[in-house]
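Visitor: Test case, fold it:
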Amino acid sequence: MPLPRLPFVCRRAGLVLVAAVLLSQAACRPVRESAPAVPEAPRVSREAPAGYARYTVISGESEVRALVFRDGPMARFGHNHVIRSQGLRGDVYLGTTGEEPHLRLVLPAESFAVDDAAARAEEGAEFPGVVPDDAIAGTRRNMLGDGVLDAGNFPEIRLTSRRVTGKAPDYQVTVAVEVKGRTHDVVVPVHVEQAPGQLRATGQLTVTHADLGLTPFSVMGGLLSVRNEITLRFRIVARPLP
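Guide: Predicted coordinates:
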């Protein structure tokens, strides 16, 4: 039996509902990914240059966290995301007689975790509730896919200091950030706490996707997208190791 023809208003409402459902599932759509590559060892010297003391990053005690916000006319159908990594590795070099400090760090793209429930709770009201597992998996696929980080071809983000200004304990560090094979300079505020046998550096800044050479993820012609601005927060704990 043929279905009755719906009035125009009802048909239009139905189309909007279908679009909303598709958008709410957009983060779960698979994206084409290259086969995962084995990360190379960090390109850092294992010997401290003359006049420097080498501090090695303790990955399990360090963290890089990115807060990514939904955007677009239908933003209410998406989620804000907390992306965090405890995979940071590399070295910090401190001058023993007043030389400018240097850092050489590597952040494996595969180390990023998306929307951990505890991390979302720590960030407060803009990150409510628990995100479903399928949405988490879809967001991570999209982030690592060739449209964003392209982790299959560029498995690591590399960070190298170019210039340090300021006075203890607060510095402005110009960092060369290598993402997807291209390098971009970003000025990072860093608060440093130094104790016997340990260095702790913390900071927070806002960057745009363009600052990192990235394009914000979007679907349906931008009806649902990721905001251009990203809030970055970090904690680096390093110790002099033999």
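Visitor: burial of the nearest residue to residue 67 once chain neighbours are set aside, as a residue count?
Guide: Spatial nearest neighbour of residue 67, chain neighbours left out: residue 231 (4.0 Å); criterion: CB to CB, 6 or more residues apart in numbering. All C-beta atoms are positioned from the backbone trio N, CA, C, and that covers glycine. Residue 231 is flanked by 15 other residues according to other CB atoms under 10 Å.
Visitor: counting contacts, what elements does whatever helix or strand residue 206 lives in pack onto?
Guide: Take DSSP states H and E as the rule and residue 206 turns out to sit in strand 198-208. Strand 198-208 sits against strand 89-95, strand 182-195, strand 224-239, with contacts defined as 3 or more CB pairs under 8 Å, 6 or more residues apart in numbering; DSSP states H and E.
Visitor: Show the average pLDDT along the first one.
Guide: Mean pLDDT, taken over the full extent of strand 89-95, equals 93.
Visitor: Parallel or antiparallel, list what pairs with the following helix or strand past that strand.
Guide: On the C-terminal side of strand 89-95, the closest following helix or strand by DSSP H and E is strand 102-108. If you go by DSSP bridges, strand 102-108 pairs up with strand 89-95 (antiparallel), strand 156-167 (antiparallel).
Visitor: quick one: the residue nearest the centre of the chain from residue 95, how far?
Guide: Geometric centre of the chain, nearest residue: residue 66, 4.5 Å, by CA atoms, centre = their mean. In this view, residue 66 and residue 95 are 30 Å apart by CB to CB, to the nearest Å.
Visitor: So, low pLDDT: which residues of the protein?
Guide: 1-47, 222 (pLDDT under 70).
Visitor: how about 90 then?
Guide: Residues of the chain that meet the criterion pLDDT under 90 lie in 1-52, 70-79, 94-101, 147, 167-168, 215-226, 241-242.
Visitor: in the sheet, who's paired with residue 187?
Guide: The partner residues for residue 187, given DSSP bridges, come to residue 174.
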